[in-house]
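**Q** Have a look at this prediction, sequence included:
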Amino acid sequence: LAKTTQPISMDSYEGQEVNITCSHNNIATNDYITWYQQFPSQGPRFIIQGYKTKVTNEVASLFIPADRKSSTLSLPRVSLSDTAVYYCLVGSSNDYKLSFGAGTTVTVRA
Amino acid sequence: DAGVIQSPRHEVTEMGQEVTLRCKPISGHNSLFWYRQTMMRGLELLIYFNNNVPIDDSGMPEDRFSAKMPNASFSTLKIQPSEPRDSAVYFCASRDLSGANVLTFGAGSRLTVL
């Protein structure tokens, strides 16, 4: 499975856009990129998934360059409630040994 | 759908006692995962079931840990005997293999072993 690297922490203020970049140099052809969000005292929650180019949903956007060796999760106009840990995972549809790593702790301040 | 349901949400027990954690996956999901989360080690995969069959239990830390999935709607994770170092949040997650590789997690069971 491809190893991922993402920043340990990021600070932001309400109303700003937060961009978290994840590196996955060894991504395989069949691998998808999936992001999860975890609030304190809750289980991780799926946010967005993509294979290439750009994916957008009501929560976030995911930008994936042509070489797919990295991806950027974009959270538009964050609020205090977006304070959470964000995990980047890479794997194919049948992979089960998905590594969550340490994730990126995003702290949004007023 | 009520999502993945775990019980109990909190358990406090004494060292040496048996602990049983329960999980009801989302109906129709054919894969089930048990994870453990601690500050030091993050989220660790303990065991993975596919169609109720344990496929990989290499993450189970010791023989004190066991997991079963008697049917598609129920799984248990048992620790016997429990030790203080087992204190953690245990998450169950399920997945529908026919779709994207997306896990749905339960709310977790916070275990404290005194």
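**A** Received, thanks.

**Q** residues in contact with B:Arg85?
**A** Going by C-beta atoms under 8 Å, 6 or more residues apart in numbering or on different chains, B:Arg85 touches B:Val113. For glycine as for every other residue, the C-beta is placed from the backbone atoms N, C-alpha and C.

**Q** I'd assumed it was in a helix, is it?
**A** Yes: according to DSSP: H, G, I helix; E, B strand; the rest coil, B:Arg85 belongs to a helix.

**Q** any idea how far chain A is from it?
**A** Spatial separation of B:Arg85 from chain A under the definition C-beta to the nearest C-beta, to the nearest Å is 20 Å.

**Q** Can you give me the separation between that residue and A:Asp95?
**A** Computed with C-beta to C-beta, to the nearest Å, the distance linking B:Arg85 and A:Asp95 is 29 Å.

**Q** Could you do A:Thr21 as well?
**A** Using C-beta to C-beta, one gets 22 Å for the distance from A:Thr21 to A:Asp95.

**Q** cool, and B:Glu62?
**A** From B:Glu62 across to A:Asp95, the span is 26 Å (C-beta to C-beta).

**Q** okay, those two: which has more neighbours?
**A** A:Asp95 (17 against 10; other C-beta atoms under 10 Å in any protein chain shown).

**Q** Endpoint to endpoint, stretch A:23-41 covers what distance?
**A** Taking C-alpha to C-alpha, to the nearest Å as the measure, stretch A:23-41 stretches 27 Å from start to finish.

**Q** List the backbone torsions phi and psi for B:Cys92.
**A** With angles defined as degrees, to the nearest 10, B:Cys92 sits at phi -110, psi 140.

**Q** nearest residue to it other than its sequence neighbours?
**A** Leaving out its chain neighbours, the residue that sits closest to B:Cys92 by C-beta to C-beta, 6 or more residues apart in numbering or on different chains is B:Cys23, at 3.4 Å.

**Q** Contact partners for that neighbour?
**A** Taking C-beta under 8 Å, 6+ apart as the contact definition, B:Cys23 lies against B:4-6, B:32, B:34, B:74-77, B:92, B:106.

**Q** Dump those to TSV, plus secondary structure, pLDDT and neighbour count.
**A** Shown next, in TSV, are these (DSSP: H, G, I helix; E, B strand; the rest coil; pLDDT from 0 to 100; neighbours: other C-beta atoms under 10 Å in any protein chain shown):
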residue	secondary structure	pLDDT	neighbour count
B:Val4	coil	97	23
B:Ile5	strand	97	15
B:Gln6	strand	98	22
B:Leu32	strand	96	27
B:Trp34	strand	97	25
B:Phe74	strand	96	15
B:Ser75	strand	98	25
B:Thr76	strand	98	15
B:Leu77	strand	98	23
B:Cys92	strand	98	29
B:Gly106	coil	97	25
